[in-house]
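>>> I would like to see how this sequence folds:
(one chain, ligands or ions: 2)
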Amino acid sequence: RIRRSVWFVFFDTYIGRLTQILLLDKRKGAMTVAKVYVFDHPLIQHKLTYIRDKHTGTKEFRELVDEVATLMAFEITRDMTLEDITIETPVSETKSKVLSGKKLGIIPILRAGIGMVDGVLKLIPAAKVGHIGLYRDPETLLPVEYYVKLPSDVEEREFIVVDPMLATGGSAIAAIHSLKSRGAKHIKFMCLIAAPEGVAAVEQAHPDVDIYIAALDEKLNEHGYIVPGLGDAGDRLFGTK
Ligand code: PRP
Ligand code: URA
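Residues are numbered from 1 along each chain as shown. Ligands and ions are numbered 1, 2, ... in the order given. Next up, the predicted model:
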């Protein structure tokens, strides 16, 4: 049930924050390079360790996911454009920089993506928040869409799709497709933990979408869970089982 047509990770070259993963498609014999930005900041890595730990309870898990989302948002917005405006300080007139360019939309993939929204909003409080509801069918592992509500000016905005987990990639691919089909043109995908299979699948389906992660894990297990991962992100965030 899990696609195993793509073999990875022969090497990853590290250029600044950019890790390039070389992918070999076993069926086609073709090589592609996936671009994925791994945020290895010590604070992110420290917090991620406790997010992964099965002894971390719901309250602390939720707080840590929120904090890591804020730290990742700081990095992911590094390419935002600026313009000069003139202001007066108490001492003199001066030119100073403010954000310009496209407004931002945050799109959590329900339900676990909700856990990352407030963390991003702390830095970008004016961002609009849309929602895409998807769940993975436990048998087929295919995403099932049950809800979509987006800001009205989709074409004008740059979007960050957030979800803690990128496993087979099915949910991310479907969410990004859903956004594009409604007119979105500039999309980034941000998650805490990704499997190489998921990175490859998103890269193949949406090569224009950059992927930002806190950790690239080893593999998927036979149930489609990321190994070592953190378990079920939604259940751990909301205390369900
Ligand atoms: C989890 C996770 C992702 C998806 C990743 O959600 O939050 O959305 O699985 O898996 P994939 O890459 O194989 O699609 P889940 O379907 O468990 O729903 P939930 O958020 O409602 O718990
Ligand atoms: N969804 C999760 O919540 N965890 C995984 O490991 C894979 C998919």
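>>> can stretch 140-159 be found next to ligand 1?
Yes - applying C-beta under 6 Å from any ligand atom, one finds stretch 140-159 touching ligand 1 at 141, 143. Quick note: C-beta positions are derived from backbone N, CA and C, even for glycine.
>>> average pLDDT across that stretch?
Averaging pLDDT along stretch 140-159 gives 93.
>>> show me which residues of it are buried.
141, 143, 148, 150, 151, 154, 157, 158, 159 (16 or more other C-beta atoms under 10 Å).
>>> work out the gap between that stretch and the centre of the chain.
Centre-to-centre, stretch 140-159 and its host chain are 14 Å apart (C-alpha atoms, centre = their mean, to the nearest Å).
>>> renumber starting at 143 from here on
With 143 as the first residue, the last one maps to stretch 282-301.
>>> so residue 358 makes contact with residue 180?
Yes - if you go by C-beta atoms under 8 Å, residue 358 and residue 180 touch, sitting 6.0 Å apart.
>>> quick one, which of these two is more surrounded?
Between residue 358 and residue 180, counting by other C-beta atoms under 10 Å, residue 358 is the more crowded of the two (21 against 18).
>>> apart from its chain neighbours, what residue comes closest to that one?
Of all residues not flanking residue 358 in the chain, residue 336 sits nearest, at 5.5 Å (C-beta to C-beta, 6 or more residues apart in numbering).
>>> and if you look at residue 251?
Leaving aside its chain neighbours, residue 251 sits nearest to residue 305 (4.1 Å; criterion: C-beta to C-beta, 6+ apart).
>>> what does residue 269 give?
With C-beta to C-beta, 6+ apart, the residue lying closest to residue 269 is residue 246, at 4.2 Å.
>>> now do the phi/psi pair for the one you found.
In terms of degrees, to the nearest 10, the main-chain angles of residue 246 are phi -110, psi 150.
>>> which residues touch it?
Counting by C-beta atoms under 8 Å, 6 or more residues apart in numbering, residue 246 touches 266, 268, 269, 270, 299, 300, 301, 302.
>>> let's see which of those end up in helices.
Among the contacts of residue 246, none falls in helices (DSSP state H).
>>> of all those, which two lie farthest apart?
Greatest spatial distance in those: 268 and 301, 14.4 Å, computed using C-beta to C-beta.
>>> can you pull the contacts of the residue of the chain at minimum distance from ligand 1?
Going by C-beta to the nearest ligand atom, ligand 1 is nearest to residue 376 of the chain, at 2.4 Å. Counting by C-beta under 8 Å, 6+ apart, residue 376 makes contact with 253, 254, 382.
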